[in-house]
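> Model the structure of this input:
(2 chains)
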Amino acid sequence: MLRVTQTRQAFRLSFLAALAGPILLCSPASAEDGSNTDPGTYIAVTSDCVACHTAPGGKPFAGGLAMKTPLGTMYSTNITPSKTYGIGEYSEADFSRAVRKGIRKDGSNLYPAMPYTAYSYMTDQDIHDLYLYFMKSVQPVESTPPKTALPFPMNIRSSMMFWNILFRNDTTYQPDPSRSAEWNRGAYLAQGPAHCGTCHTPRGFLMQEEASKALGGGSLGSWYAPNITSDKISGIGNWSQDEIKTYLKSGHIDGLAQAASGMGEAVEHSFQHLTEADLNALTIYLASTQPVRDPADGNLSRFALGQPVSSAGRVRGNQPIRSEDNPDISGAELFTGNCASCHNYQAQGSHDGYYPSLWHNSVTGASNPDNLIATILFGVDRHVAGAQAFMPGFGGKKTDAVQLNDEEIAKLTKYVFDTYGRPQVSVSPAQVATIRHGGSKSPLLVLSRIGMAGGAILIALGCFWFLRTFRK
Amino acid sequence: MGPIPFGPGEQRLTDVAATLGMQNLPAPQARNSGVSFDGRPPCCGNNNCFPVCPIAAKYDAATALPRIEAKGGRIITNAVAYRVETNAQKKVEAVHYYDPNRASHAVSGKIFVLACNGIETPKLLLLSTDDKNPRGVANSSDQVGRNMMDQPKLIADIEMSEPLWTGVGPVQSSSIMNTSQGDFRREYAGAMFRMENMARSTLGGLAALEKGLYGKALDQEIRRLSACTARLTVEHEPLPLPFNRLTLSDKKDWLGLNRPRIYYDVGDYVRRSAENYTVPLLKKLATALGATDIKISPEFLHSDHIMGGTIMGNDPSDSVVDADCRAHDHDNLFLPGGAAMTTGGSGNSTITMAALALKAADAIVGQLNHA
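Numbers count the residues shown, from 1 in each chain, chains lettered A, B, ... in the order given. Alright, predicted model coming up:
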């Protein structure tokens, strides 16, 4: 029985916004553009180990981040050089095996929540530098985080062996001689340490990345990592190289898109610290990917939809105070009461773009409603270049000041799509509930148990037949 | 978090006030500035702060309600408390409340907090008379309901020849407090001065319409009044006076509960201040701002800063609560908030009330831990 698991990105708890504060202060890269950083620190930043291996408010690399997956909750491990609780006893060979092959020092398998399938492309030199970084530059933390305990049969790690045979890559990155050195550097970064595909590539039934649709968009629990191929409708094919680079470095572009959740953290902890040369290389690579078209997009790109429209005139004065008690409250009223104070009445945002406009915005122009729902529930919290981009959540946390329920968020999301983005995106309260609770569950758990029960019954019948036949 | 930058009107006021020795400084208002805090965003200048911030950048108690529920607390709505019941050990045993059908219910517990602010807290204590508490609960000192205070207020509405432009940033973002201190306080009250930073467009619009203007002339007048008018406010320090007092009226509300009756006189200490100090200074400030018209309110106004009623002190014979807002008479009863304030000062009092609540909370936690 193959046991399959999601990669770590699928488990990104939408509450990861809380990571931002303490982690930023302990962020390993010291230089703004990475050019003066030692190689070990730099490769750690590029690989963004800190984002998963640090719990909200926890010590760096001490593990404990809870990641909700379709197959259960996983916790990242302590990878500080503690000899008792971390990787302090690892040799470089042990380290390489864990990072590139997904096998721990004690021989047991890691789940591909740890993206070893991407890190498998990393060069020996980078692994060496990364190893030294962890052994010498990271503070040991003498505590153990909660252990991952997926429900049976997913807790049988050794079945990962079969999955790895099918899906793990076993060679470091091989440069393409027909491409420039810069392109190859970008390809190496994207496929290896920066592991873009871990989030942005859709997954097959057994949770493996679908190579034929590389970077074509992937679901991550409550959020959706969109299509970033060069496709001109479904991807970023109409972006200039300058825009791609600016987005990686800053996490937003007025009138196009902004990064939240997993990508917000990736910009905050990783991309904003890369060298100009590496950002250029990544940009060149990203502009050259195979286009992947999503038929759900029709012929409309997600980046240029919607227009400034205000409903304030028809909403004001119609309802008495306390309209949030009204079960018939309209999407326009919800918008005016909860969103317009910051995003403005025509949803044009603020002059300086601090609050983005909601039209000409990839989130409202998308054919997939997940990111708009998740943004309303969980908000945005992104620290880049010393400044914070923040939007509160509206009920994703029980402590949020405003608690919108599933019906209200469904109405509001529909209103925003219809008025400011892609019309006719369907949103139901049930969809909102799913997103609120961490995303869809995989059918694999149930199927595997049914499969095992079926297998057990077959074996029992077989034994029964055997005994009957041969005991006579 | 740093201060919120001044808008043009505030900056001009600051510069002009400085020439008169008045220091206009940023005023704390529990408002997130520049960065988020506690899941709430920073101020974005809606200029719509009262009664609550539309984006919860300025703290308000309602933001605590989901947190209370997240920790397992229960919030019972549509419930009017009408009686505090004590037992033979002088501990509070229950609080009784009415639902909208006037059916009575009781809540029991280990520790009780009455946080109904300066009118309802003393009223509830006075309503709770029985043979154990003939003057009401927590009232052996006879101070419950006494020493009621507010900050008597005067305003000057001014029109200027040059634009000032209030309305950028929070509605109240700065104030002048160095006018509240000095030897003169032997004789008359100190006071806080401030310019209201509310956008003047609503008032300007209404005033322009009153003039019967229309078309381009209306637009121009609205713009002029929005830019060239302002309101200066002064809030005086009250004295705590035992005869400024809340008692129970014979009149009752629809639930059959006595309404509060309040005797309140701002006092000569405040009146002398207006005559000798604050009104002349207000006129000076307005003139320095280039005012062509100054209208000063003919009577004192209320500031909605209700203080006193269950004042704090070390001596149980002349105070109601101790330094932790714990009632002297009943050690499991806490009365935080404005009612515990023994003196009024002249600065906005709500943050002090919140601080007293936090202090009481620490004491409550300590008391429960040592139980």
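
> packing partners for the helix or strand where residue A:98 lies?
When secondary structure is defined by DSSP states H and E, residue A:98 falls within helix A:92-101. Contact partners of helix A:92-101 among helices and strands, from 3 or more Cβ pairs under 8 Å, 6 or more residues apart in numbering or on different chains; DSSP states H and E: helix A:116-119, helix A:124-132. For the C-beta atoms, the positions are set from N, CA and C on the backbone; glycine is no exception.

> To residue B:127, which of those helices lies closest?
Proximity of those to residue B:127 was assessed by Cβ to Cβ; the nearest stretch is helix A:116-119, lying at 69.7 Å.

> For that closest one, give me every contacting residue.
By Cβ atoms under 8 Å, 6 or more residues apart in numbering or on different chains, the surrounding residues in contact with helix A:116-119 are A:7, A:47, A:98-102, A:110, A:167-169, A:191-193, A:195, A:197-198, A:209.

> before we move on, back to that, how many degrees apart are the helix holding residue A:98 and helix A:124-132 in direction?
Going by axes from the mean of the first three to the mean of the last three Cα atoms, to 10 degrees, helix A:92-101 is angled at 110 degrees with respect to helix A:124-132.

> and helix A:92-101, C-alpha only, in PDB?
Coordinates of the C-alpha atoms in helix A:92-101 are reproduced here as PDB (Å, rounded to 0.1, in the frame of the first residue of the first chain):
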ATOM      1  CA  GLU A  92      27.700  16.100   6.000                       C
ATOM      2  CA  ALA A  93      26.700  12.800   4.300                       C
ATOM      3  CA  ASP A  94      23.800  12.400   6.700                       C
ATOM      4  CA  PHE A  95      22.700  15.900   6.000                       C
ATOM      5  CA  SER A  96      22.900  15.500   2.200                       C
ATOM      6  CA  ARG A  97      20.900  12.300   2.400                       C
ATOM      7  CA  ALA A  98      18.200  14.000   4.400                       C
ATOM      8  CA  VAL A  99      18.000  17.100   2.300                       C
ATOM      9  CA  ARG A 100      18.400  15.500  -1.200                       C
ATOM     10  CA  LYS A 101      17.000  12.000  -0.700                       C
END
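
> List the buried residues in it.
Of the residues in helix A:92-101, those with enough neighbours to count as buried (16 or more other Cβ atoms under 10 Å in any protein chain shown) are A:94-101.

> can you check stretch A:65-75 too?
Judged by neighbour count (16+ other Cβ under 10 Å), stretch A:65-75 contains these buried residues: A:65-72, A:74-75.

> would you turn the residues you listed into JSON lines with secondary structure?
Shown next, in JSON lines, are those (DSSP: H, G, I helix; E, B strand; the rest coil):
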{"residue": "A:65", "secondary structure": "coil"}
{"residue": "A:66", "secondary structure": "strand"}
{"residue": "A:67", "secondary structure": "strand"}
{"residue": "A:68", "secondary structure": "strand"}
{"residue": "A:69", "secondary structure": "strand"}
{"residue": "A:70", "secondary structure": "coil"}
{"residue": "A:71", "secondary structure": "coil"}
{"residue": "A:72", "secondary structure": "strand"}
{"residue": "A:74", "secondary structure": "strand"}
{"residue": "A:75", "secondary structure": "strand"}
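
> Keep only those of these that are also close to chain B.
Restricting the buried residues of stretch A:65-75 to those within reach of chain B (Cβ under 8 Å from any Cβ of the partner chain) leaves nothing.

> For the residue sitting nearest the centre point of chain B, which non-adjacent residue is closest in space?
When chain B is reduced to its mean C-alpha position, the nearest residue by Cα atoms, centre = their mean turns out to be residue B:305, at 2.9 Å. If the residues on either side of it in the chain are set aside, residue B:305 comes closest to residue B:349, at 4.3 Å by Cβ to Cβ, 6 or more residues apart in numbering or on different chains.

> Is the one you found in contact with residue B:341, as I believe?
Yes: because the distance of 6.7 Å satisfies Cβ atoms under 8 Å, residue B:349 is recorded as touching residue B:341.

> Return every residue with contacts to both of these two.
Applying Cβ under 8 Å, 6+ apart, one finds that residue B:349 and residue B:341 are jointly contacted by residue B:307.

> hey, where'd the strands end up in chain B?
Along chain B, counting by DSSP state E, strands occupy B:24-26, B:80-86, B:92-98, B:104-108, B:112-113, B:153-160, B:174-176, B:191-195, B:229-236, B:245-252, B:258-263, B:291-296, B:333-334.

> cool, and the stretch 1-150 of chain A?
A:66-69, A:72-75 (DSSP state E, counting those that start in this stretch).

> Could you tell me which of the contacts of helix A:116-119 belong to helices?
For the contacts of helix A:116-119, membership in helices holds for A:47, A:98-101, A:167, A:191, A:197-198, with DSSP state H as the criterion.

> Go through stretch B:308-315 and flag the buried ones.
Along stretch B:308-315, the positions that meet the burial threshold by neighbour count (16+ other Cβ under 10 Å) are B:308-313.

> first to last residue in it, what's the distance?
Using Cα to Cα, to the nearest Å, the span of stretch B:308-315 from its first residue to its last is 16 Å.

> which residues of the stretch 201-350 of chain A score low on pLDDT?
In the predicted model of the stretch 201-350 of chain A, residues A:319-325 satisfy pLDDT under 70.

> coming back round to it: any chance of TSV for the strands of the stretch 1-150 of chain A, columns distance to residue A:42 and mean pLDDT?
Rendered in TSV, the data for the strands of the stretch 1-150 of chain A read as follows (distance: least, Cβ to Cβ, whole Å; pLDDT from 0 to 100):
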stretch	distance to residue A:42	mean pLDDT
strand A:66-69	26	80
strand A:72-75	27	85
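
> re the thing from before, any idea which of the buried residues of helix A:92-101 is closest to residue B:158?
Comparing the buried residues of helix A:92-101 against residue B:158 with Cβ to Cβ picks out residue A:99 as the nearest, at 70.4 Å.

> show me the contacts for residue B:338.
B:117-118, B:305-309, B:349, B:353.

> quick check, nearest of those residues to chain A?
Ranked by distance to chain A (Cβ to the nearest Cβ), the contacts of residue B:338 are led by residue B:353 at 19.8 Å.

> thought the closest one was touching residue B:335?
No: the pair residue B:353 and residue B:335 does not pass the contact test of Cβ under 8 Å, sitting 11.5 Å apart.

> More neighbours: these two, which one.
When neighbours are counted by other Cβ atoms under 10 Å in any protein chain shown, residue B:335 comes out ahead of the other of residue B:353 and residue B:335, with 29 against 21.

> Give me the local confidence score for the more buried one.
Per-residue confidence (pLDDT) for residue B:335: 98.

> sorry, back to before: for the residue nearest to residue B:305, grab the count of nearby residues.
One way to gauge burial is a neighbour count; for residue B:349, by other Cβ under 10 Å, it gives 24.

> Scan chain A for its longest helix.
Determined from DSSP H, the single longest helix within chain A is helix A:444-470.

> Correction: the previous question concerned chain B.
When chain B is scanned for its longest helix (criterion: DSSP H), the result is helix B:350-369.

> what about residue B:301, distance to residue B:236?
For residue B:301, the distance to residue B:236 (Cβ to Cβ, to the nearest Å) stands at 11 Å.
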